[in-house]
Every structure is written in structure tokens, then in C-alpha cells.
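Asker: Whatever this is, show me its structure:
(2 chains)
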Amino acid sequence: GAGVSQSPSNKVTEKGKDVELRCDPISGHTALYWYRQSLGQGLEFLIYFQGNSAPDKSGLPSDRFSAERTGGSVSTLTIQRTQQEDSAVYLCASSLAARTYNEQFFGPGTRLTVL
Amino acid sequence: AQTVTQSQPEMSVQEAETVTLSCTYDTSESDYYLFWYKQPPSRQMILVIRQEAYKQQNATENRFSVNFQKAAKSFSLKISDSQLGDAAMYFCAYTDTGTASKLTFGTGTRLQVTL
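Answerer: Reported below is the predicted structural model:
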């Protein structure tokens, strides 16, 4: 079956512009996670959804970052007034449910470059 | 807070040889999971192997095995009979029941495989 997909694959934007990153999880997966991978760094957690609700937004770096999930499926990560430090690869993952034993399946990521 | 440390930014191994990647972690939890993920240039994170903390037996998946030392909080990955396709970034990751499965990652080890 289809894996996790993300779009766009690459995004170049100017400082101060808003961007939207999209994640399509595996069908039937109720949990969805967003991570950020900055150059030379590991992945850092941003937010996760169980269904349409986001119980843990603790990783969002500032109020310029927001995310939503509709219909228990597609999720959008929005970054407002982008800054150069937002440049990174944004990875999305989904799993059957938010349980430790459920494997997270990752998408290919969106590489965001802020000029 | 839980932390994961990978102290080897880069490693190199000859084809058909064995290499060990190191990982240490810090947690006060007793029930947790540890993972090794592989990230090739395609950016797609692939689960290599998973270890449940309450299981004393080290996990094995074909050429990949771990050395899990719970008391020392160490979780190393051994790759036997290395192949060119094993070249990638390898990330050690942790999760526990208190974190709703969000993963905490190390900074990664870049593995080169030479002829």
C-alpha cells in the first residue's frame, strides 16, 4: 500500500512569507507526528495528533508555527513570517495509534529553504 | 527530560566487515523502547531494529543486532557483513509510555562503506 507522502518535496521561500507543508499519512493510521531536522542535527519533535486533536504541541518552537489535521487524515504544518532559522527538513510520520509499540512510518520530508 | 547521545559523527567500514555504532541514553523511566533508524540520501527514515526495555534478550534483524545494556543505558548497533547499501545516516531513538510515542533522537552517525 501507499506510504506516507509529503508535499512539496522542496520549498524555497523568502524571509517573512508564510508556508504550508502537507502530510498524507498511511490510511487507517490515527496518530501523526511532525519532526524537524536541521542541518547536522537529529530530528526534533514538533507536534503530534491523535485523530484530529493535538494533545502535545510542546515541540513547536514559536507561535509562528501551527498545525492542523482534518478528517483524521491529512495534516498541514503552517509557518508564518518565515525566518532563516526555519530552514530545515520537515518530516512527518504516522502510526496505527500513539502507542510506544506502534512503529512510526516516515515520509520523505519537505526541505524548506528560507532566503 | 530524556536524552539520546551518539558520540560518533562518522564511521567507516569496509564491505563485508563488521561495524558497531554507539548510543547512550538517559531516562528515569523503566518501560521504554529504543530504535535504530536508517536515513539514506532519499531522506526516508527506515526502521532498522527495535528493542523493548523489559526484554533482556538483544534484538536481531538479519545482519543487524543490538547490544542493549540497560544498567549502563547503552544501546549499540552492530552491522555484520556490511554492504554498500548500508551507507546512510543512522539515528538512535527513544520513546516511553509517558511521551505518547514521540521519539527523541540522537544527532546521528554517518556510515560510509568502502570497497
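
Asker: Every contact and neighbour count from this point should use C-alpha atoms.
Answerer: Will do.

Asker: hey, where'd the strands end up in chain A?
Answerer: A:5-7, A:10-13, A:19-24, A:31-37, A:43-50, A:53-56, A:65-69, A:75-79, A:88-95, A:105-106, A:110-114 (DSSP state E).

Asker: where among those strands is the average confidence lowest?
Answerer: Lowest mean pLDDT within these: strand A:53-56, at a mean of 85.

Asker: So what would you say the end-to-end distance of stretch A:66-82 is?
Answerer: The straight-line separation of the ends of stretch A:66-82 (C-alpha to C-alpha, to the nearest Å) is 12 Å.

Asker: An error on my part: the question was meant for stretch B:47-57.
Answerer: The first and final residues of stretch B:47-57 sit 19 Å from each other (C-alpha to C-alpha).

Asker: Now do the buried residues in stretch B:24-34.
Answerer: Neighbour counts over stretch B:24-34 (16 or more other C-alpha atoms under 10 Å in any protein chain shown) mark B:24-25, B:32-34 as buried.

Asker: Which positions in chain A make contact with chain B?
Answerer: Neighbours of chain B within chain A, by C-alpha under 8 Å from any C-alpha of the partner chain: A:33, A:40-45, A:48, A:98-101, A:105-109.

Asker: Same list, the buried residues of stretch B:24-34, but only the ones touching chain A.
Answerer: Within the buried residues of stretch B:24-34, those near chain A by C-alpha under 8 Å from any C-alpha are B:32-33.

Asker: Go through the buried residues of stretch B:24-34 and flag which are in strands.
Answerer: B:24-25, B:32-34.

Asker: residues in contact with the residue nearest to the spatial centre of chain A?
Answerer: Closest to where the C-alpha atoms of chain A average out (C-alpha atoms, centre = their mean) is A:W34, at 3.3 Å. By C-alpha atoms under 8 Å, 6 or more residues apart in numbering or on different chains, the contact list for A:W34 reads A:45-48, A:90-93.

Asker: how close does the spatially closest residue to B:Q69 that is not a sequence neighbour sit to A:P8?
Answerer: Excluding the flanking residues, the one nearest B:Q69 by C-alpha to C-alpha, 6 or more residues apart in numbering or on different chains is B:F75, at 6.4 Å. In this view, B:F75 and A:P8 are 35 Å apart by C-alpha to C-alpha.

Asker: Which one's more surrounded, the two?
Answerer: When B:F75 and A:P8 are compared for neighbours, B:F75 comes out ahead with 25 against 14, by other C-alpha atoms under 10 Å in any protein chain shown.

Asker: List the contacts of the more buried one.
Answerer: B:22-25, B:34, B:66-69.

Asker: Residues in a beta bridge with it, which ones?
Answerer: Here B:F75 sits in beta bridges with B:F68, as judged by DSSP bridges.

Asker: so how far is chain A from it?
Answerer: 17 Å (C-alpha to the nearest C-alpha, to the nearest Å).

Asker: Next one: the nearest residue to B:A1 once chain neighbours are set aside relative to B:A71, how far apart?
Answerer: Nearest non-adjacent residue to B:A1, counting by C-alpha to C-alpha, 6+ apart: B:T27, 7.1 Å away. Distance, B:T27 to B:A71, using C-alpha to C-alpha: 11 Å.

Asker: Can you report how many residues neighbour the residue of chain A found nearest chain B?
Answerer: Chain A approaches chain B most closely through A:G42 (3.9 Å), counting by C-alpha to the nearest C-alpha. Neighbours of A:G42 under the rule other C-alpha under 10 Å: 23.
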